[in-house]
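Enquirer: Test case, fold it:
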Amino acid sequence: MKRIITYGTFDLLHYGHINLLKRAKALGDYLIVVLSTDEFNWTEKHKKCYFSYEQRKALVESIRYVDLVIPETCWEQKRTDIHEYHIDTFVMGDDWKGKFDFIKEEGADVVYLPRTPEISTTKIKQNLKK
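Expert: Numbers count the residues shown, from 1 in each chain. Next comes the predicted model:
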């Protein structure tokens, strides 16, 4: 079984997120989504989410491409997750291109998937402010 992992906040879930998860799942058999906790988002990413971690987790778990959702509590856990969950492929959006190439040292392939260009959580938030 080929195991895939991806990371994100997945706040204000939209079709760009679904596209990313569908393409990530197509790379293997089992997709793990590591969902940033509220604390991690606030202290490390300096973002406040609209939906709580538990709400975002319930939404992501309901997506048919997702097999498991676990919390992300720190940047460093990416290295340990690769081993703990026996990951074959690490997937991120291409806005992160090159930032996680160090994962290859842990024995996993690294794939940066193109984002859906016309949609993002940031764009949604900006449009709602108008």
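
Enquirer: show me where the chain has helices.
Expert: With DSSP state H as the criterion, the chain has helices at 15-25, 38-43, 53-61, 77-84, 121-129.

Enquirer: Among those, which comes closest to P71?
Expert: Proximity to P71, assessed across those by C-beta to C-beta, is greatest for helix 53-61 (7.0 Å). C-betas here are computed from N, CA, C, even on glycine.

Enquirer: Would you mind writing the CA trace of the closest one as CSV?
Expert: Extracted in CSV, the C-alpha atoms of helix 53-61 (Å, rounded to 0.1, in the frame of the first residue of the first chain):
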residue,chain,number,x,y,z
TYR,A,53,-9.7,22.7,14.6
GLU,A,54,-12.5,20.2,15.5
GLN,A,55,-14.8,21.8,12.9
ARG,A,56,-12.1,21.7,10.2
LYS,A,57,-11.2,18.2,11.1
ALA,A,58,-14.9,17.0,10.8
LEU,A,59,-15.0,18.7,7.3
VAL,A,60,-11.8,17.2,6.1
GLU,A,61,-12.7,13.7,7.5
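
Enquirer: Show me what counts as buried in it.
Expert: Within helix 53-61, the residues that count as buried by 16 or more other C-beta atoms under 10 Å are Y53, R56, K57, L59, V60.

Enquirer: Sounds good, over and out.
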